[in-house]
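S.K.: sharing a model prediction with you, sequence too.
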Amino acid sequence: GYRYEHEWPLKRTNWKKLYLRNFGRLRWEPEEEENVTPDAFVHNPPNISSEVQSLCYTSEYLTRPMEFTGPIVLHLFASIDSEDANFVVKVHELYPNGERHYMPSFGALKASHKYVPEKSQAWQPIHDHSKKVPVKPGEINEYIIEINPSGKVFLPGNRIQLEIKAMDPNPAHKTSWTGKVQSMGPIPSAQSTCYRIYRDGKHQSYLLMPHIPNSPGENWVQSFD
């Protein structure tokens, strides 16, 4: 159904953090241990391989409906072994049969485009896209990535899944060289890059989700009262 709201983000938003954990877990509680080996994946450019490596973090099964309406932000502690790289992230609703419903909550950031804290809000990170500032290879940095807003109720028995990768091609990139670059989404790096994702007590990577605990009946176009 449709409803009216009066501001953005909604004043009644209960901001909730879903923390990245080891073994591909996404949990409401952060990791406390400090010396946890990071996750890793490798990006190979499309002139070498058509395969896309990624990491996925998945919540537990929801026991009740949960509405998430508003901006989404990923705070990601990561290192790369080059001076620049793409971060591409997606949030899915994962069904019990393994199928994914793309919300479409999508975000992308170049590592060299720096965060501007004085212009940012907690729910809307701002980056300077006018220039590149090379990253020190191997250095752990916090990347604050804006993700397209959600407006969805996640149903009981389903799970929330975060996907992290370096490029986001559509299936045509495997079968056709015509328009290959156009089917790549954000243009991928031309060099192989190793990503390490940190989610320990000192580097608490998390997904900031806009949980809406309730909505007044009079807000709905067709009132539920």
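M.R.: Yes, it's here. Numbers count the residues shown, from 1 in each chain.
S.K.: from now on I want contacts and neighbour counts done on CA atoms only, so please keep to that.
M.R.: OK.
S.K.: buried residues in the lowest-mean-pLDDT helix or strand in the chain?
M.R.: Taking mean pLDDT, DSSP states H and E as the measure, the chain has strand 100-110 as its least confident helix or strand, at a mean of 85. Neighbour counts using 16 or more other C-alpha atoms under 10 Å place 100, 105, 106, 107, 108, 109, 110 of strand 100-110 among the buried residues.
S.K.: give me the element the closest residue to the second one other than its chain neighbours is part of.
M.R.: Meaning residue 105. If the residues on either side of it in the chain are set aside, residue 105 comes closest to residue 148, at 4.7 Å by C-alpha to C-alpha, 6 or more residues apart in numbering. When elements are assigned from DSSP states H and E, residue 148 belongs to strand 141-154.
S.K.: which other helices and strands contact the helix or strand just after that strand?
M.R.: Using DSSP H and E, the helix or strand that follows strand 141-154 in sequence is strand 159-165. Secondary-structure packing of strand 159-165 (3 or more C-alpha pairs under 8 Å, 6 or more residues apart in numbering; DSSP states H and E): strand 25-27, strand 54-58, strand 86-94.
S.K.: again, 10 Å this time
M.R.: Using 3 or more C-alpha pairs under 10 Å, 6 or more residues apart in numbering; DSSP states H and E, the elements in contact with strand 159-165 are strand 14-21, strand 25-27, strand 39-43, strand 54-58, strand 86-94, strand 100-110.
S.K.: who does the second one touch, helix- and strand-wise?
M.R.: Read that as strand 25-27. strand 14-21, strand 54-58, strand 159-165, strand 206-212.
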